[in-house]
Every structure is written in C-alpha cells, then in structure tokens.
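The sequence and its predicted three-dimensional model are supplied below.
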2 protein chains.
Amino acid sequence: MARPREFDTDEALEAAMQVFWQHGYRAASLPDLLDGMGLTRGSLYKAFRDKKTLFLQVLDRYETAAVDAGVSMLEDSAAGDGRTRILALFEGLVTAVEKGDHRGCLLCTAASGAASDDAEIAATVHRGLAKLQGGLETAIIDATALDAGDRRRLANTLLTQYIGLRMLARSRLSLGILEHSVQGVADILDHASD
Amino acid sequence: MARPREFDTDEALEAAMQVFWQHGYRAASLPDLLDGMGLTRGSLYKAFRDKKTLFLQVLDRYETAAVDAGVSMLEDSAAGDGRTRILALFEGLVTAVEKGDHRGCLLCTAASGAASDDAEIAATVHRGLAKLQGGLETAIIDATALDAGDRRRLANTLLTQYIGLRMLARSRLSLGILEHSVQGVADILDHASD
DNA sequence: TGAATTGTGTAACAATCGGTTCCCAATTTA
DNA sequence: TAAATTGGGAACCGATTGTTACACAATTCA
C-alpha cells in the first residue's frame, strides 16, 4: 500500500526505554530520545504520536519485560523455595548495581517525578507495583506459615524494602547499605514466621 | 548604611523549601520560586546569588529542621525506649501522609533527581541520610541486644524502609502499604533480637 | 505507468527556561 | 545632604521545551 518503516518499532521502543530509564520522564529531552532511538522528529511523532504516548508504551514494555519477568521468577516453584526466590530478586538488584547499573526502577522514578500528576501514567505505575506485590505474596506462601494478614504485611514490607533499595541504587550514594541488604532481607524472612 | 531588607530571609528560605520540596530541584521553576517566596527576580538574585546556591541553603535548612529533629527524637532516651522512638518516627511519617502531605522526603527526591549529578548537592544529601542512619543505630542499641554488625544491618534495613515509605508517600499510590507499615516495622524490630 | 499512501527529514513554531543586567525609586546611615 | 544598599520591575540573553507543518522520497496497488 505504502512506504514501509525504515526502523524497527520494537528496537526504537527499547532504545526509548533506556533513555527514559536513565533520565526519567520529564528530564528526558526530545533530542535525547531522538539520539537514543536514532530517528528524527517527524518519524517519532508519526510513529508514536507524542512524548507522553511514547512513554506509556515504554511503561507497558517495561511492565512486560522487567516486572513480569520478576514476578514469574517469584512465582516459579521450580526456581527453589519461596525464600530462595525472594532472595534471588534482591540479589539481582544488588548485582546490577555492582555492575554499574544506577538506573534504579523506572516505575519508581516515574512515580515520584512529575509523571505522578498524570492519571494514566500513575495507573500504569500502580499496576506494575501491584503485580510485584502479588508476586512477593505468592512467594511468601511458599516460604512461611503466616496467615493472610501477616503475609500481606510482610509482602508490603518487602516491597517497600525493594523500592527503597532501587531508590538508593539510583542515588549513587554510598551509605554502605546495599552491601548487606540481602542478608537484611533474609533476616526479615527468617524471623517473620517465629 | 543602606536600605534594609523588606522581607525576612528566614521566611523566604522556608517558602523556597516548600517549593523545592513539592517540585524537586529541577522541576521548580524560577516563577514557582518567585511566587512562593513572594519576591522578584532582582531581590532573589541579590539575596541568594542563584538557584543552586538557594537550593543548597534550603537543603541546610531542611537538614537542621527536619533531619536533626528526627535524629534528636531517635536519640532522646526521655522519649521512651529505642523501640518506641523508632516506631514514633514511622508513625509520624504515616500520620503526615494521612493528613495529605505527599511531599515525601526532600533529600530522597533530590538524590534521585537531576540533583544527584551535582557533587555539592550529593554531599549534602549524603550527610543528611547518614545522620538518620546514625540516629537509628543509636536507638537500636537501646532496643535490642545485637552486636555491632547486626545492629548496623538492622539500621540499614530500617533506613531503607524509611526511604521506601517516603517514596510511596510522594507517589500518591494507594497500594495499602502505609496503613500497616508501622506494624511491619515493629515486626522487624521484635524479631531482630531472636 | 500512474495514483495513492505513508515514512523521512528539516524548518519553524510559540512558549518557557534559568540567568543576567539595567534603571530608578525607596530607605537607611554617616 | 551624600553615600550606600535594597526593591521592583522591565528587558534581554541564548538555549531549550514539545509540537506542527510541509516538501520530498519511497513503496504499493491498480
């Protein structure tokens, strides 16, 4: 029918995610995005409508790529017991930081930034964090003998811990927290069922 | 010698803190600051040099007003035992959110935002969080019988929890976490010394 | 081959950004 | 009164923001 795209939409979206991940929604300038995605203004606006729509698509991609992957791991009984799976989640976080990844959590950055004013963005962020919350709770069932109330509370504590750590990862502040954070999480888990 | 200031420097700084607290360093525009502080460009630049210097003064003010107050409470043995003092810190946080305060933590917002690129700002943020870290550890000495290593790890866990909660407070996301977060912290404390 | 359709690239848009400089009135102290 | 300093503006800077418009290229289908 007509002229086909010269670029791969999926690759462009992946590149856009990296830019937003590093700079946040508001701080990511259009030139930043154009450079990272390797296309021009006209192509970007024709293919992705505008910056906010692009960001929403990026959030969806992040949700299926990063969040769902983490949740699958948390709920995969073949990957060890619940305790092992939860600790693996936090170990992955620390390992990423030690490798120099200071991007933190795209959802968390979006939640605290100017993006929190926007209802659509806030809803997507909420959905992602709720998924993580559910994954943690599932893993806890397999790790402790807590009743529903305590389980929910423990899941929330761990989710808060997760958010705090990814926040610290982004800050580049060396408060010596990340080094032993996995052991700290293990302490919480091991003592929760007493 | 000369004409005196018509505005109170301290009040202007307080107003500037509110603006930065709500919008973050980069997102706070000069018109935002002028409106909030109630003065004009000429006066602001004459009195506070420039935006960054103003923000550094605001950070100092936040440190002495908010951080030092929290640390004093954590270390005040007249305010109950260590456990009580730590829980009071988190209760204050939850209470503030329930009153509609969604500003979160100025230090944390600065740490994750563009401010983290600046060495001076990063150093000030680091100093504030380290103070909090120390205050928590002092309170833990009064709450548990842990050795130095475990105590440090518990302090870091609580600080991470604190940061995560203030992050959530800023996000306005209702994941049902804040409601029982104090109980969650109490669980961590009560089981830590087992 | 020719018309229709769509992507590409660039220019330009209006608005705002933080920062600076200027002027002059107002007010103080020496 | 004279010197000194602030307040309140206006004006401007170069740069940036996200967005739109338009000419041109490329591809497909009839």
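That came in fine, so what should we check first?

Output the lowest-mean-pLDDT helix or strand in chain A as CSV, restricted to C-alpha atoms.
Considering only helices and strands, the least confidently modelled element of chain A by mean pLDDT, DSSP states H and E is helix A:106-112, at a mean of 89. Listed next in CSV are the C-alpha coordinates belonging to helix A:106-112 (Å, rounded to 0.1, in the frame of the first residue of the first chain):
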residue,chain,number,x,y,z
LEU,A,106,11.6,3.0,36.0
LEU,A,107,8.3,2.7,37.8
CYS,A,108,9.6,4.3,41.0
THR,A,109,11.2,7.2,39.2
ALA,A,110,8.1,7.8,37.3
ALA,A,111,6.0,7.6,40.4
SER,A,112,8.0,10.2,42.3
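
and that helix, is it in reach of chain B?
Yes: contact between helix A:106-112 and chain B is present through A:108-109, A:111-112 (criterion: C-beta under 8 Å from any C-beta of the partner chain). For every residue, glycine as well, the C-beta is placed using N, CA and C.

Distance of the most centrally placed residue in chain A relative to residue A:69?
By C-alpha atoms, centre = their mean, chain A has its centre lying nearest to residue A:105, at 4.4 Å. Here the criterion is C-beta to C-beta, to the nearest Å. By it, residue A:105 lies 13 Å from residue A:69.

which stretches of chain A have low pLDDT?
Per-residue confidence of chain A (counting by pLDDT under 70) places the weak regions at A:1-2, A:114-115, A:194.

Now for the closest residue to DNA strand C within it, which secondary structure element holds it?
For chain A, the nearest residue to DNA strand C under the criterion C-beta to the nearest atom of the strand is residue A:42, separated by 2.3 Å. Taking DSSP states H and E as the definition, residue A:42 sits inside helix A:41-48.

Can you name every helix or strand that that helix contacts?
helix A:9-23, helix A:30-37, helix A:51-62 (3 or more C-beta pairs under 8 Å, 6 or more residues apart in numbering or on different chains; DSSP states H and E).

And the residue of chain A closest to DNA strand D?
Closest contact between chain A and DNA strand D, by C-beta to the nearest atom of the strand, is at residue A:29 (2.4 Å).

Residue A:82 versus residue A:189, what's the distance?
9 Å.

Quick check: neighbours shared by those two?
Taking C-beta atoms under 8 Å, 6 or more residues apart in numbering or on different chains as the contact criterion, the common neighbours of residue A:189 and residue A:82 are A:143-144.

What residues does chain A have near DNA strand C?
Residues of chain A found near DNA strand C, taking C-beta under 7 Å from any atom of the strand as the criterion, are A:1-7, A:39-43, A:46-47.

Number of residues surrounding the residue of chain A closest to DNA strand D?
Look at residue A:29: counted by other C-beta atoms under 10 Å in any protein chain shown, it has 12 neighbours.

Now for it: which residues touch it?
Counting by C-beta under 8 Å, 6+ apart, residue A:29 touches residue A:23.

so how far is residue B:13 from it?
Shown here: residue A:29 relative to residue B:13, a distance of 31 Å by C-beta to C-beta.

after the helix or strand encompassing residue A:167, next one along is what?
Assigning secondary structure by DSSP H and E places residue A:167 in helix A:148-171. From helix A:148-171 onward toward the C-terminus, using DSSP H and E, the following helix or strand is helix A:181-192.

Tell me who's in contact with the closest residue to the residue nearest to the centre of chain A other than its chain neighbours.
Computed as C-beta to C-beta, 6 or more residues apart in numbering or on different chains, the closest residue to residue A:105 that is not its neighbour in sequence is residue A:166, at 4.0 Å. Contacts for residue A:166 were tallied using C-beta under 8 Å, 6+ apart; they are A:93, A:104-105, A:108.

Out of those, which comes closest to residue A:185?
Of all the contacts of residue A:166, the one sitting nearest residue A:185 is residue A:93; the distance, using C-beta to C-beta, is 10.0 Å.

which residues touch the helix or strand containing that closest one?
Taking DSSP H and E as the definition, residue A:93 sits inside helix A:82-98. Contacting residues not belonging to helix A:82-98 are listed as A:70, A:73-76, A:79-80, A:136, A:138-144, A:158, A:161-162, A:165-166, A:169, A:178-179, A:181-182, A:185-186, A:189-190 [C-beta under 8 Å, 6+ apart].

Compute the inter-axis angle for it and helix A:148-171.
Helix A:82-98 and helix A:148-171 are oriented at 10 degrees to each other (axes from the mean of the first three to the mean of the last three C-alpha atoms, to 10 degrees).

Next, the buried residues of helix A:82-98.
Residues of helix A:82-98 classed as buried under the neighbour-count rule (16 or more other C-beta atoms under 10 Å in any protein chain shown) are A:82-83, A:85-90, A:93-94, A:97.
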